[in-house]
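> Sequence first, then the predicted structure:
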Amino acid sequence: MKYRLTSALTGVIIGMLNNWAAAQTPPSPILEEIIITARKRPEPLQQMPMSVLGLDKTEIAFARINNVDALQGRVPNLQILPHPNAASTLRVFMRGIGNNDEQVLQDPAVAIYLDGIYLPRNQGLSAELPTLERVEVLRGPQGTLYGRNASGGAINFVTRQPNLEAVEFSQRLTLGQRSLFESASAINIPLSRRIATRLSYTTVEQDGFVENAGLGTNRFGDHDRTNWRADLKWLVNDALGVRVTADHASLDDTPAYTGSVPFASHNGQRPHQGVANLYALERNAIEQTGFALFTDWEINPRLRLHTISAHREMEDFQNQNAHSGLLSADPLFVLYAEGDSQQSSHELQLSGENANASADFLVGYFWSREELERQARNVIPAQGIAKLVSGDELVNASQAVFGHVNWAPSGWDQRLTVAAGLRWSEDQRRATLTRGQEILASGKLMISPVVGKGNRDFDNLSANLSLMWAATPDVSLYISAASGYKSGGFNARASSIPVFNRGFDDETLLNIESGLKSEWLDGRLRLNAAVFKTDYEDIQVTVPSDPTNILVSDQLNAGEATIQGIEFESILLLSDRLETTLRYGYLDAEFDHVRAASGADLTKQYQFIHSPEHAINLDLRYSPPLPIPGTTVVELNYRWQDNMATNALVAAGPYEIPSYDLLSARLSVNDLPLPAGRLRASVWLQNMLDEEYLSASFPAGVPSGFWGEPSTVGVDIVYDF
């Protein structure tokens, strides 16, 4: 039924587009130029020789992108999924490259940045973000400018800066189903001709959609989040600017409901209530605080120095109950984990251009140090024990020197642009691991006298080279080669302490990409496309280490793979009232070799995860000419993605998220007349067809999963001046 409804709706949309295309005279508006800072300097997106998407304020508002996981489904070949241990911990995959684990001893493969500040941990990524100006998604390795752990790509969240020119105020209130309440307040105040401050506060509350019939809090999946930010901008003089920010985010969500799901090709039925004999359901608790100092000094008209210094701290507690009442009255296991981390980083960037602006450069230095502690207690009632793991004195230190240059040779009439970059990185990792066991009946603790001591250093040289040819003023072709690097680390689940101490090495990749950046129909149609092939080596995979015991496994650099794919984006202004955006992604990711510790060939036993072969995102934005105050806007979003595997071991069973499609809509009336300021009112509906789909699929004693949000209706009221 849902398929027929979706097909019918798709037919209506296509028919409407055809009718409009036939009825309208050639429209006069053109697409706005998108300026991004993906290469650490402002430049038009259409002049960048890479596959990059820029999401502006309009799309951010429609898609309600207030946190990292809200990007799921908006960008083909990007997957953002909740971790089984805590839905507030996210796993990010780009072009099939990511990290399925949440260990702080291991690094992600997609770099997340907030205003140029690296966020190194997956824990707490679901927290609310400050008011966003834009989101930049860079697909493919970004080893030259972003360093380690950007081998899959990078995501930049760019916040709105203080405005020196005027007082500004914004208030958004959102009400919706399941007691949804959101309030986002922001005020901008110029304190003088050269100083301005911007203050913001956001709170989000919503009930989960699975009731808890047991002890503890009332529901699974409740959201209770706040975020505040203070931002001060000081233009010291015409050449020097300083910006200081402080922010704090808290998250007190309840855990997502872990349900039993069928193997493969079926989502199962979304539950509405848990079992009555559940252990007490506790809230997760995450607190994050950050401080940053930015300076921007124009040394002369052709030379600029930019610095970023930041300090961030996080404390987190997470718990998860797996399948109480499924096989017995007790759960299969209950996880408790807590930790804290501190990160300090400094980055210096010197940029400039030559006298005739035919070449520009960027050189820089990056340094960071991260200190962490983490403890986990895994309760297994059937065995009457709790397994204890404690990681202390965890230190990640990194430094890098990088450079990048763009050059347009005069002999080619500056239609050819050559870009090249190089980055040397050095990473140091230190870790202490203690293991133990608790007898539940007596409370007796048995701590292993053998303590793990991991000490590893890594270094890497990443490079980038690209050629971009402007065939016409509106059509450019490019080809690029870029390498990426993800640092090695340690495995807290190693089969023995000596194996833990040994750790595992870094992984590398080389990506070859060609693409098109173009605009047609007098600037009303934008077509961008990329075709890529990635050679992926020394992949950090979990493989059996003992042929006689399949339960013993370790993290080894045992894999090699080839990933190839296509990315396409089309934006079309059919008239000054109708705009469409189509995005498509294709992935073909396969292991070439996987070797066990013994050297045995395990290639056929492994598959790529979180890599749907096809994914589509379609937006339609229409402003009907209604005789009412303000401007009416109707927005529709349809997205579909193929089924995808979620467990790398084929023998474990066909763990996967089956294909699903979602339809969302928003009706807004903008610029309602007021004596002062502007008012916008919107009614929105997400998952209109109430699709029952999985947001995560994983083994937790039995095949398990989390379900995605059901159909939800809400209202936004926004006032600003």
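Looks like it came in fine.
> Wait, a helix at Gln540?
No - membership of Gln540 in a helix is not supported by DSSP: H, G, I helix; E, B strand; the rest coil, which gives strand.
> Do a quick rundown of the helices in the protein.
Under the criterion DSSP state H, the chain contains helices at 2-23, 57-63, 143-146, 497-502.
> Give me the buried positions along the last one.
This means helix 497-502. Ile497, Val499, Phe500, Asn501, Arg502 (16 or more other CB atoms under 10 Å). (Each C-beta comes from the backbone N, C-alpha and C, glycine too.)
> need these in JSON lines with pLDDT, can you?
Supplementary listing: the buried residues of helix 497-502 in JSON lines, determined by pLDDT from 0 to 100:
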{"residue": "Ile497", "pLDDT": "93"}
{"residue": "Val499", "pLDDT": "92"}
{"residue": "Phe500", "pLDDT": "93"}
{"residue": "Asn501", "pLDDT": "95"}
{"residue": "Arg502", "pLDDT": "94"}
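> Can I get the residues you listed in TSV including distance to Glu370?
Supplementary listing: the buried residues of helix 497-502 in TSV, determined by distance: CB to CB, whole Å:
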residue	distance to Glu370
Ile497	23
Val499	24
Phe500	19
Asn501	20
Arg502	22
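> Among those, which one lies nearest to Glu128?
Compare each of those with Glu128 using CB to CB and the shortest gap goes to Phe500, at 36.0 Å.
> Please tell me how far that closest one sits from Gly489.
Taken as CB to CB, to the nearest Å, the spacing of Phe500 relative to Gly489 amounts to 11 Å.
> sorry, back to before: for Trp520, state which of the buried residues of helix 497-502 is nearest.
Taking CB to CB as the measure, Arg502 is the one of the buried residues of helix 497-502 closest to Trp520, at 56.0 Å.
> Report the separation between that closest one and Asn491.
In this structure, Arg502 and Asn491 are separated by 9 Å, where distance is defined by CB to CB.
> Over to Phe220?
Phe220 sits 30 Å away from Asn491, taking CB to CB as the criterion.
> Neighbour count for these two, which is higher?
Counted by other CB atoms under 10 Å, Phe220 and Asn491 do not tie: Phe220 has more neighbours, with 27 against 23.
> Show me the beta-bridge partners of that one.
Here Phe220 sits in beta bridges with Val210, as judged by DSSP bridges.
> where in the stretch 301-450 of the chain is pLDDT low?
The model of the stretch 301-450 of the chain has no residue with pLDDT under 70.
> so what's the closest residue to Pro130 other than its chain neighbours up against?
Of all residues beyond its chain neighbours, the one nearest Pro130 is Arg229 (4.3 Å), with distances taken as CB to CB, 6 or more residues apart in numbering. Residues in contact with Arg229, defined by CB atoms under 8 Å, 6 or more residues apart in numbering, are Pro130, Thr131, Thr159, Arg198, Leu199, Ser200, Tyr201, Thr245, Ala246, Asp247, His248.
> Okay, and the beta partners of the fifth one?
Same thing as Leu199. With beta bridges defined as DSSP bridges, Leu199 has these partners: Ile187, Ala230.
> For it, the count of nearby residues, please.
Around Leu199 there are 15 other residues, counting by other CB under 10 Å.
> Hmm, Thr245 and it touching each other?
No - with contacts defined as CB atoms under 8 Å, Leu199 does not count as touching Thr245, sitting 10.9 Å away.
> Spit out the residues that contact those two alike.
Where contact means CB under 8 Å, 6+ apart, the residues bridging Leu199 and Thr245 through contact with each are Arg229, Ala230, Asp231.
> Just the terminal-to-terminal distance for stretch 251-261.
Distance across stretch 251-261, first residue to last, is 28 Å (CA to CA, to the nearest Å).
> Stretch 583-603 too?
One end of stretch 583-603 sits 33 Å from the other (CA to CA).
> Any idea how far it is from the middle of the chain?
The chain centroid and the centroid of stretch 583-603 are separated by 23 Å, computed with CA atoms, centre = their mean, to the nearest Å.
> now stretch 87-98
In terms of CA atoms, centre = their mean, the centre of stretch 87-98 is set 7 Å apart from its chain centre.
> likewise stretch 321-335?
Using CA atoms, centre = their mean, the distance between the centre of stretch 321-335 and that of its chain works out at 31 Å.
> same deal with stretch 183-190?
Stretch 183-190 has its C-alpha centroid displaced from the chain centroid by 26 Å (CA atoms, centre = their mean).
> which parts of that stretch are buried?
Ala184, Ser185, Ala186, Asn188, Pro190.
> how many neighbours does Ala87 have?
Per other CB under 10 Å, the neighbour tally for Ala87 reads 27.
> same check, this time on Ser260
Neighbour count of Ser260, defined by other CB under 10 Å: 16.
> From Asp690, how far off is the residue lying closest to Leu667 once chain neighbours are set aside?
Across the structure, with CB to CB, 6+ apart as the measure, the residue nearest Leu667 apart from its sequence neighbours is Val683 (5.1 Å). Val683 sits 17 Å away from Asp690, taking CB to CB as the criterion.
> who's in contact with Leu662?
Here Leu662 is in contact with Gly73, Asn637, Tyr638, Arg639, Trp640, Gln686, Asn687, Leu689, Glu691, Tyr693, Gly708 (criterion: CB under 8 Å, 6+ apart).
> Give the bridge partners for the spatially closest residue to the third one that is not a sequence neighbour, please.
It refers to Tyr638. Counting by CB to CB, 6+ apart, Leu618 is the residue found nearest to Tyr638 once chain neighbours are left out, at 4.6 Å. Leu618 has these beta-bridge partners by DSSP bridges: Leu582, Tyr638.
> shouldn't Leu618 be in contact with Leu582?
Yes - under the criterion of CB under 8 Å, Leu618 makes contact with Leu582 at 5.3 Å.
> export the contacts of Leu662 to TSV and tack on neighbour count, pLDDT and distance to Glu560?
As requested, the contacts of Leu662 are arranged in TSV below (neighbours: other CB atoms under 10 Å; pLDDT from 0 to 100; distance: CB to CB, whole Å):
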residue	neighbour count	pLDDT	distance to Glu560
Gly73	22	92	30
Asn637	22	97	38
Tyr638	20	97	37
Arg639	19	97	32
Trp640	18	97	31
Gln686	20	96	41
Asn687	18	97	39
Leu689	17	95	41
Glu691	18	95	37
Tyr693	20	95	33
Gly708	21	95	34
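> any idea which of the residues you listed is the one closest to Ala397?
Checking the contacts of Leu662 against Ala397 by CB to CB gives Gly73 as the nearest, at 36.3 Å.
> For that closest one, which non-adjacent residue is closest in space?
Closest residue to Gly73 in three dimensions, ignoring its sequence neighbours and counting by CB to CB, 6+ apart: Arg639, at 4.6 Å.
> same question, Trp707
Using CB to CB, 6+ apart and skipping residues adjacent in sequence, the residue nearest Trp707 is Arg270, 4.5 Å away.
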